[in-house]
Structure formats: C-alpha cells, structure tokens
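**Q** below: sequence and its predicted model.
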Amino acid sequence: MGIESIELRNFTVFKNFKVNFSKGINIITGENGTGKTQLLKAIYADTQISKSKNIDDISKYFKSANVNDAFFVKQLKPLFLEVKASNVSNKSDKHYLMGKLNSNINGRISTSGSDDECSYEISYPSKEINCVFIPAKDMLTHSKGLVSMADKFQEFPFDKTVIDIVKIAAQWHLKEPPKIALKILPILEKMMDGKVVIENEEFYVKKNSGEMINFAVEAEGLKKIGLLWQLLMNENITEDSVLLWDEPEANVNPKFIPSLVEVLIELQKNGVQIFLTTHNYIFAKYFEVKRSENDEIMYYSLYKNDDGVKCENNSSFTDLKNNNIMDIFIQLYKDEVKRAME
C-alpha cells in the first residue's frame, strides 16, 4: 500500500499543489526554499494522522515552520492537505479558527484580533501505512535521554519527526536478517566496516576489528548508513512500507554513492516505496545508470513561479526542463571550456 498522490493548498510554500507519485523511487530536486523537506514532512504527518485520527497533530511535525505564523498562511486562507494511498479510501476532518492565527514554537495555535474565519482540512488514508521519515540532520548522536526529555518538557525545541526516528531506531533488532535485507545488509556492513549496536541508549558501530565507535565520533555519512542498517534489522523498513529520506547522500563519501543507489533500488525491488530529496548530481544521475528496465524511478523538480511552487516530473533526469542541478553542471562545463580557450 503506497502513496499515490498529495495535494496541498496554502501549506507553507505551496499555494495550490498536486502531484502523483511512482510506486517505486521518487527523487525530488529543486532549489532551496521550494519545499522539498516540507513535502516529505507533509506526507509523513498525514500518514501518522491516519493512526492518531487527530488532525491537530499536524503542528507537531512542523514546529520549525510555526515561527512567525509561517505554518498557516498569513492571509488566513484555508489550509488543505490530502495524501491518497493506493486501494484505500480516505477520511477527512476540518477545523475552523476564528481571528488572527498566533502560533509559537510549541505548536500551540490561538486566535486573536480579527473576526476572519480560517479553516484547515486534512484528508488521510483510512488504513495505517508503515512510513519512516529520516531527517537530513543526524539525531542519533544525541539519542541518550532525548525521548524522555521530549515527553517531559512542553517546550521541547524539536518537531516530532526527530523524536520518531530516535524512537524507532532504538528498537531491538532481529537475531537474523529479514528476507528483504539479505542482499542489502552485506553492502551496508562493508561500507561502515561493521554493524550497529546500542548500549545504554547510545548508538555505536562495532567495527569488524571489534572496536566500538560511538556515533558521536563516527563519520556523518557512515551514521546514515548505520541508521538504514538498523531500520532494516528492526523491521521498521519492510515490504509495502514507505521510506522518506531527506538528502540521504549528504556527507556520504562519494565512493559510496553507487552502492547507496544500488541499495535503494534493491529496496524498491522488494516493495518499498521511496521518496528522496537531493541537490547532488552524481547521486541523482546514478539512478539512471544503475536502473534496470523494470525499476520504477521518477524524478520531480520543484520550482517557483508567480503561483507558488510547482512540480515537473520525468522518468529521465536529464530530460527535466526545470533542472537546477543539471544547469550548474552545464555552466561548469562552459566555464571550463572558456578558461581552457583563454
């Protein structure tokens, strides 16, 4: 059961936005400020609301966007979020707010100073979807006590995506690799030269030499590889699950990018729907190099016009018209030629 589409209106940078997705790998590109991370968070938040059945939970996933009333559009236009899943009906709920919206970093919404009416409506799948969101920022380094602090303190500064990834990563892993990961785990273990272990709420990479490396001093890129290994071994990533990964290639050694792409394509072959954001040409292009005829891979380019953020999609990375990643590489080539001819 995968994500078929998302529709957003008056939602952060999205005024009127709708896009259909591939059931395989969805690679999202775009300049800074076009909402790539917000799009992944919106998908994740909606799937989690399908579990809680409480649309007020939406603000928990966008605390950083709540500052200065940025989460709800200042013009008080109705906010709308809808995520549709394949072969599943949707439920929806709608709330009305009177007056000017005042939001703070805690995610609380209050109204004052106006009689204008604002509504927000969220439509979510009627069945729960196993969905994992991996933020761009590493939080496992700070995992010890993080969840208990979030539960205890009302003004905790991180949104729920950060808390959720720490919670699920800390779950016990299986004694034996699950079937979906049999081909994948050896690749990940070779990349990080070991396996992930957890001791006293702290994450380590146990190297093949026996040395224990705390995540606090491990390379940033290897921590990402270790997190993926852990999520496979504790079955948070399974067949028919959805993986949302914000900039997976960031800080990863370039020599590991081909292997990382192979791993993600293999997950797709095993029924995992994947959403990725990237600014990296090599990472995006390697999916074209590594894909086979039966792999379902689609590229999406987010770009701004007078009507907000829009989306172009194509199965070919090089055929995207609004392709800022390709544009800068073409410019680099031109600059090299120009310099060589001087």
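**A** Cool, got the structure.
**Q** from now on I want contacts and neighbour counts done on CA atoms only, so please keep to that.
**A** OK.
**Q** helix, strand or coil for P258?
**A** helix (DSSP: H, G, I helix; E, B strand; the rest coil).
**Q** just give the nearest non-adjacent residue to it, would you?
**A** Nearest non-adjacent residue to P258, counting by Cα to Cα, 6 or more residues apart in numbering: Y286, 6.5 Å away.
**Q** state the distance from the one you found to S259.
**A** 10 Å (Cα to Cα, to the nearest Å).
**Q** could you do M326 as well?
**A** For M326, the distance to S259 - Cα to Cα - is 22 Å.
**Q** how about low-confidence regions in the protein?
**A** 63-77, 96-118, 145, 147-157 (pLDDT under 70).
**Q** just give the closest residue to M298, not the sequence neighbours.
**A** That would be S315: by Cα to Cα, 6+ apart, it lies 4.5 Å from M298.
**Q** show me what contacts that neighbour?
**A** Counting by Cα atoms under 8 Å, 6 or more residues apart in numbering, S315 touches I297, M298, Y299.
**Q** what does the last one show for phi and psi?
**A** Looking back up the chat, that one is Y299. As for Y299, its main-chain torsions (degrees, to the nearest 10) stand at phi -100, psi 140.
**Q** next: the first one.
**A** Backbone dihedrals for I297, given as degrees, to the nearest 10, come out at phi -130, psi 130.
**Q** what sits against it?
**A** Per Cα under 8 Å, 6+ apart, neighbours of I297: S22, G24, I25, N26, I27, F287, R291, S315.
**Q** pretty sure the second one sits against Q268.
**A** Yes: in this structure, G24 is within contact of Q268 by Cα atoms under 8 Å, at 5.5 Å.
**Q** if we can go back for a sec, so can I have TSV of the contacts of I297 showing secondary structure and distance to Q331?
**A** What follows is the contacts of I297, written out as TSV (DSSP: H, G, I helix; E, B strand; the rest coil; distance: Cα to Cα, whole Å):
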residue	secondary structure	distance to Q331
S22	coil	30
G24	coil	31
I25	strand	28
N26	strand	26
I27	strand	22
F287	helix	22
R291	coil	27
S315	coil	23
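**Q** which one of those is nearest N130?
**A** Among the contacts of I297, G24 lies closest to N130 (Cα to Cα), at 15.3 Å.
**Q** how near is the closest one to L188?
**A** 21 Å.
**Q** over to K84?
**A** 32 Å.
**Q** next: N313.
**A** Using Cα to Cα, N313 is found at 30 Å from L188.
**Q** how about Q331?
**A** Q331 sits 35 Å away from L188, going by Cα to Cα.
**Q** next one: P135
**A** Taking Cα to Cα, one finds P135 at 19 Å from L188.
**Q** please apply the same query to I6.
**A** I6 is 32 Å from L188, by Cα to Cα.
**Q** repeat for T37
**A** From T37 across to L188, the span is 25 Å (Cα to Cα).
**Q** need the helices for the stretch 101-250 of the chain, in chain order.
**A** Counting by DSSP state H, counting those that start in this stretch, the segments of the stretch 101-250 of the chain that form helices are 146-152, 160-169, 185-192, 220-233.
**Q** run a quick neighbour tally on D335.
**A** Other residues near D335 come to 12 when the count uses other Cα atoms under 10 Å.
**Q** helix, strand, or coil at it?
**A** Applying three-state DSSP: D335 is helix.
**Q** could you pull out the strands for this structure?
**A** Counting by DSSP state E, one finds strands in the chain at the ranges 3-11, 14-20, 25-30, 79-85, 90-103, 109-125, 131-134, 194-199, 202-207, 212-214, 242-246, 273-277, 297-305, 308-314.
**Q** ok, which of these comes nearest K224?
**A** strand 131-134 (9.1 Å).
**Q** who's in contact with the closest one?
**A** Contacts of strand 131-134 (Cα under 8 Å, 6+ apart): 40-41, 44, 47-48, 161, 165, 236-237, 241-246.
**Q** re the thing from before, quick check: neighbours shared by G24 and Q268?
**A** Common neighbours of G24 and Q268 (Cα under 8 Å, 6+ apart) are I274, D295, E296.
**Q** thought V242 was touching the first one, still the case?
**A** Yes: the pair I274 and V242 passes the contact test of Cα under 8 Å, sitting 5.9 Å apart.
**Q** so those two - more neighbours on which side?
**A** Under the neighbour definition other Cα under 10 Å, I274 and V242 were set side by side, and V242 has more, 28 against 25.
**Q** correct me if wrong: that one contacts G271.
**A** No: taking contact to mean Cα under 8 Å, the distance of 9.1 Å between V242 and G271 leaves them out of contact.
**Q** V132 versus the closest residue to V252 other than its chain neighbours, what's the distance?
**A** Leaving aside its chain neighbours, V252 sits nearest to G221 (4.0 Å; criterion: Cα to Cα, 6+ apart). For G221, the distance to V132 (Cα to Cα) stands at 19 Å.
**Q** and those two? Which one has more around it.
**A** Set G221 next to V132 and count neighbours by other Cα under 10 Å: V132 wins out with 22 against 19.
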